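Peer 1: Need coordinates for the following:
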Amino acid sequence: MSQRVVESNHNVTFDCKYHVVFCPKYRRKVLIPPIDARLKELFQLKSEELRAEIVEMEIMPDHV
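Peer 2: Below you'll find the model as predicted:
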């Protein structure tokens, strides 16, 4: 059983989750090693900068 994380701010309680999927142009299979590893690094860095949590991430050759 997973624990639900609820954030709060002085007078607001919230739990926002986003499901994001995107594809390269024409769904070309360009997200292959080492590009996929670098893309994961960039997502991690940006999530830390935004103080966001990535719950799950999967990079396929033709979509993220």
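Peer 1: Could you list every helix and strand that the helix or strand bottoming out on mean pLDDT in the chain packs against?
Peer 2: Here the helix or strand of the chain ranked lowest by mean pLDDT, DSSP states H and E is strand 7-9, holding a mean of 78. The contact analysis (3 or more CB pairs under 8 Å, 6 or more residues apart in numbering; DSSP states H and E) places strand 7-9 against strand 12-14. Placement of C-beta: from N, CA and C, glycine included.
Peer 1: distance between the strand it packs on and the chain's centre?
Peer 2: Put simply, strand 12-14 sits 22 Å off its chain's centre (CA atoms, centre = their mean, to the nearest Å).
Peer 1: could you dump the helix or strand just after it to PDB, C-alpha only?
Peer 2: Later in the chain than strand 12-14, the nearest helix or strand by DSSP states H and E is helix 35-49. The C-alpha trace of helix 35-49 is given here as PDB (Å, rounded to 0.1, in the frame of the first residue of the first chain):
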ATOM      1  CA  ILE A  35      20.000   9.900 -25.200                       C
ATOM      2  CA  ASP A  36      17.400   8.300 -22.900                       C
ATOM      3  CA  ALA A  37      19.800   8.300 -19.900                       C
ATOM      4  CA  ARG A  38      20.600  12.000 -20.500                       C
ATOM      5  CA  LEU A  39      16.900  12.800 -20.800                       C
ATOM      6  CA  LYS A  40      16.200  11.100 -17.500                       C
ATOM      7  CA  GLU A  41      19.000  13.200 -15.900                       C
ATOM      8  CA  LEU A  42      17.600  16.400 -17.300                       C
ATOM      9  CA  PHE A  43      14.100  15.500 -16.000                       C
ATOM     10  CA  GLN A  44      15.500  14.800 -12.500                       C
ATOM     11  CA  LEU A  45      17.500  18.000 -12.400                       C
ATOM     12  CA  LYS A  46      14.400  20.100 -13.500                       C
ATOM     13  CA  SER A  47      12.200  18.300 -11.000                       C
ATOM     14  CA  GLU A  48      14.700  19.100  -8.200                       C
ATOM     15  CA  GLU A  49      14.800  22.700  -9.300                       C
END
